[in-house]
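Chemist: here is my input, please return the structure:
(chains A, B, C and D)
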Number of protein chains: 2
Amino acid sequence: MPKSFHNLEKEKQQRIINAALQEFAEKGYEQASTNQIVKNAGIGKGMLFYYFNNKQELYDYLINYCFDLVQKGYVQQIDLSEPDFIERFRQASMSKLTFFDENPYVFNFLGVIMLTEDELLSSDTRNKIKQLQQIAFDSIYKNIDYSLFREDVDVQKAMDLIKWSMDGYREYMSQKYKGEELENVDMEKLTLEFTQYLDTLKTAFYK
Amino acid sequence: MPKSFHNLEKEKQQRIINAALQEFAEKGYEQASTNQIVKNAGIGKGMLFYYFNNKQELYDYLINYCFDLVQKGYVQQIDLSEPDFIERFRQASMSKLTFFDENPYVFNFLGVIMLTEDELLSSDTRNKIKQLQQIAFDSIYKNIDYSLFREDVDVQKAMDLIKWSMDGYREYMSQKYKGEELENVDMEKLTLEFTQYLDTLKTAFYK
DNA sequence: ATAATATTGACCAGGTCGGTCTAATTTGTT
DNA sequence: AACAAATTAGACCGACCTGGTCAATATTAT
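Modeler: Residues are numbered from 1 along each chain as shown, chains lettered A, B, ... in the order given. Below is the predicted model:
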């Protein structure tokens, strides 16, 4: 719907999108303030309602924007040809990290959407959620070579544990370095540490 | 400070506390509405300001209440004499589950406190946080028998991975059964599943 | 019956809400 | 340079919500 919005300079577009994502992510739809959004975006109040006719239209736009971005910028980047579960997960985690650095508010915003009661979401949005979850699931679990796992553990349980471990590690990392730009972080050291954890997991769960 | 408040019937006290915890946890201090709190607690507006002189006093009361409760009802329940890391963590997780069931809003409320910018917290509160974190840390890591771990993995890394795994499992469980009373959940089955995960961890990380 | 305590909700001034609109500025076209 | 069209800011609107007060009422204890 927002014709005029797409003709803006990318930088201004991005400022508005980010301000809105942040506000909606922090406060939810009802409590989010359009006044706060225009202030953080550095535009006049009128402009927001010039680009988007009302609050709901802005919200819907953001939903589509985020789903698209996550799909193309993260989920589709996962390498389905890697049969080693841990390696595939490593690659996915790194993609997620980069994506998060480039789009800091997208995951938080989508997280809030996912927690919204079903009745408050349009059926279209509900479909988008299901679809994305399915694709993300497949991207992680399809074509995995189970023979790598040691035979005295339940493979499904092992995969759950590995998944929880790596999510925990990512959480821990983003907590530790929150606020800092990814460029200022010693990626070499971080990657090494990550690899060490992965090696530990391989030692523990693989043959 | 709230003299009159402590003379209330426990049930009414609890209603007010829960309503306030929920509101503050959901919206944060500024956005939380005292009107919403009295509505959910089922009391008149005047009473809230009769028990607590103002919003801030209520908030401070809740902070102390929660730290106390978590300390006594959860952290102190952890069995320091159990030298097996996984077993100690199992027991801690079960305590946490029970505590969460009995005090559903406490952890969420404290979680919000922990994420609050330092400048907005009183130094007293900051101290309480540090203190509790230290005790919780000790309760999990003190007097652990490291000799149980296999020798070809870094013990510290293994413990991190186990911790993230179990936090992930707990998260997954509470997501799955959220809303449902703990009594209505098949605890037998749940405990069994939990044990299976723990056994998998032992197979993977222990000698 | 009287005094003390507990409780309510209408009410206050101050502020924020989503959204509108006018007036000004910038840009494009000739 | 002149005019038209598109873009922009922010003052402004009524509706609503805010934390907090207080006079009136109900309940309890003596």
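
Chemist: the residue nearest in space to the middle of chain A: what's its closest spatial neighbour, skipping adjacent residues?
Modeler: In chain A, the centroid-proximal residue (Cα atoms, centre = their mean) is A:Phe107; its distance is 3.8 Å. Distances taken as Cβ to Cβ, 6 or more residues apart in numbering or on different chains place A:Phe100 nearest to A:Phe107, at 6.0 Å, with adjacent residues excluded. Where you see a C-beta, it was placed from the backbone N, CA and C, and this is true even at glycine.

Chemist: give me the pLDDT value at that neighbour.
Modeler: Listed pLDDT for A:Phe100 reads 92.

Chemist: skipping its backbone neighbours, what lies nearest whichever residue of chain A sits closest to DNA strand C in space?
Modeler: Relative to DNA strand C, the nearest point of chain A is A:Ser33 (2.7 Å; Cβ to the nearest atom of the strand). Leaving aside its chain neighbours, A:Ser33 sits nearest to A:Glu23 (6.6 Å; criterion: Cβ to Cβ, 6+ apart).

Chemist: I'd assumed A:Val38 was in contact with the one you found.
Modeler: No: A:Glu23 lies out of contact with A:Val38 (Cβ atoms under 8 Å); the separation is 10.0 Å.

Chemist: and those two? which has more neighbours close in?
Modeler: Neighbours were counted for A:Glu23 and for A:Val38 using other Cβ atoms under 10 Å in any protein chain shown; A:Glu23 has more, 23 against 20.

Chemist: how about the strand or helix carrying the more buried one: buried residues?
Modeler: Using DSSP states H and E, A:Glu23 maps to helix A:10-31. Neighbour counts using 16 or more other Cβ atoms under 10 Å in any protein chain shown place A:13, A:15-28 of helix A:10-31 among the buried residues.

Chemist: what about the next helix or strand after that helix, near DNA strand D?
Modeler: Moving toward the C-terminus from helix A:10-31, the next helix or strand (DSSP H and E) is helix A:34-41. No: using Cβ under 7 Å from any atom of the strand, helix A:34-41 stays clear of DNA strand D, coming no nearer than 7.7 Å.

Chemist: what is helix A:34-41 packed up against?
Modeler: helix A:10-31, helix A:45-51 (3 or more Cβ pairs under 8 Å, 6 or more residues apart in numbering or on different chains; DSSP states H and E).

Chemist: for A:Glu183, find the nearest of these.
Modeler: A:Glu183 sits nearest to helix A:10-31 of all these, at 18.1 Å, using Cβ to Cβ.

Chemist: is DNA strand C within reach of the closest one?
Modeler: No: on the criterion Cβ under 7 Å from any atom of the strand, helix A:10-31 is out of touch with DNA strand C, staying 7.6 Å away.

Chemist: what's the angle from that helix to helix B:10-31?
Modeler: Put simply, helix A:10-31 runs at 160 degrees to helix B:10-31, going by axes from the mean of the first three to the mean of the last three Cα atoms, to 10 degrees.

Chemist: quick check: residues of chain A near DNA strand D?
Modeler: A:4, A:7-8, A:12, A:42-47, A:50.

Chemist: how about those residues, which pair is most distant?
Modeler: A:Asn7 and A:Lys45 (19.9 Å).

Chemist: more crowded one of those two?
Modeler: Neighbours were counted for A:Asn7 and for A:Lys45 using other Cβ under 10 Å; A:Lys45 has more, 12 against 9.

Chemist: give me the buried positions along whichever strand or helix holds A:Met114.
Modeler: Assessed by DSSP H and E, A:Met114 sits inside helix A:106-115. By 16+ other Cβ under 10 Å, the buried positions in helix A:106-115 come out as A:106-110, A:112-113.

Chemist: what is the nearest of the residues you listed to B:Lys202?
Modeler: Of those, the one sitting nearest to B:Lys202 (Cβ to Cβ) turns out to be A:Phe107, at 33.7 Å.

Chemist: next, count neighbours for the closest residue to A:Asn103 other than its chain neighbours.
Modeler: Closest residue in space to A:Asn103, ignoring its immediate chain neighbours: A:Leu69 at 6.2 Å, by Cβ to Cβ, 6+ apart. Residues lying near A:Leu69 (other Cβ under 10 Å) number 16.

Chemist: contacts for the one helix or strand A:Leu69 maps to next, please.
Modeler: Assigned by DSSP H and E, A:Leu69 belongs to helix A:55-73. Helix A:55-73 is contacted from outside by A:1-2, A:5, A:17, A:20-21, A:24, A:29, A:32, A:34, A:48, A:51-52, A:99, A:102-103, A:106-107, A:109-110, A:113, A:122, A:125, A:128, A:132, A:135, using Cβ atoms under 8 Å, 6 or more residues apart in numbering or on different chains.

Chemist: following the chain past that helix, name the next helix or strand.
Modeler: According to DSSP H and E, the helix or strand after helix A:55-73 is helix A:85-102.

Chemist: ok, now which ones touch A:Ala25?
Modeler: Contacts of A:Ala25 (Cβ under 8 Å, 6+ apart): A:105, A:108-109, A:111-112.

Chemist: with A:Asp152 instead?
Modeler: B:Thr203.

Chemist: do I have it right that A:Phe5 meets A:Asn53?
Modeler: No: in this structure, A:Phe5 is not within contact of A:Asn53 by Cβ under 8 Å, at 11.0 Å.

Chemist: residues contacting A:Tyr141?
Modeler: Neighbours of A:Tyr141 in contact, by Cβ under 8 Å, 6+ apart: A:Met159.

Chemist: quick check: it vs A:Ile135, distance?
Modeler: 11 Å (Cβ to Cβ, to the nearest Å).

Chemist: quick check: closest non-adjacent residue to A:Asn101.
Modeler: You called it Asn, but residue A:101 is Asp. A:Leu182 (4.0 Å).

Chemist: and that neighbour, what pLDDT?
Modeler: On the pLDDT scale, A:Leu182 gets 77.

Chemist: you'd agree it is up against A:Met94?
Modeler: No: A:Leu182 lies out of contact with A:Met94 (Cβ under 8 Å); the separation is 11.2 Å.

Chemist: which positions in chain A make contact with chain B?
Modeler: Chain A has residues A:27, A:31, A:152-154, A:157-158, A:160-161, A:163-169, A:171-172, A:196-197, A:200-201, A:203-205 near chain B, with proximity defined as Cβ under 8 Å from any Cβ of the partner chain.

Chemist: let's see it at 10 Å
Modeler: Listed as neighbours of chain B in chain A under the rule Cβ under 10 Å from any Cβ of the partner chain: A:26-28, A:31, A:115, A:150, A:152-158, A:160-172, A:175, A:193, A:196-197, A:199-201, A:203-206.
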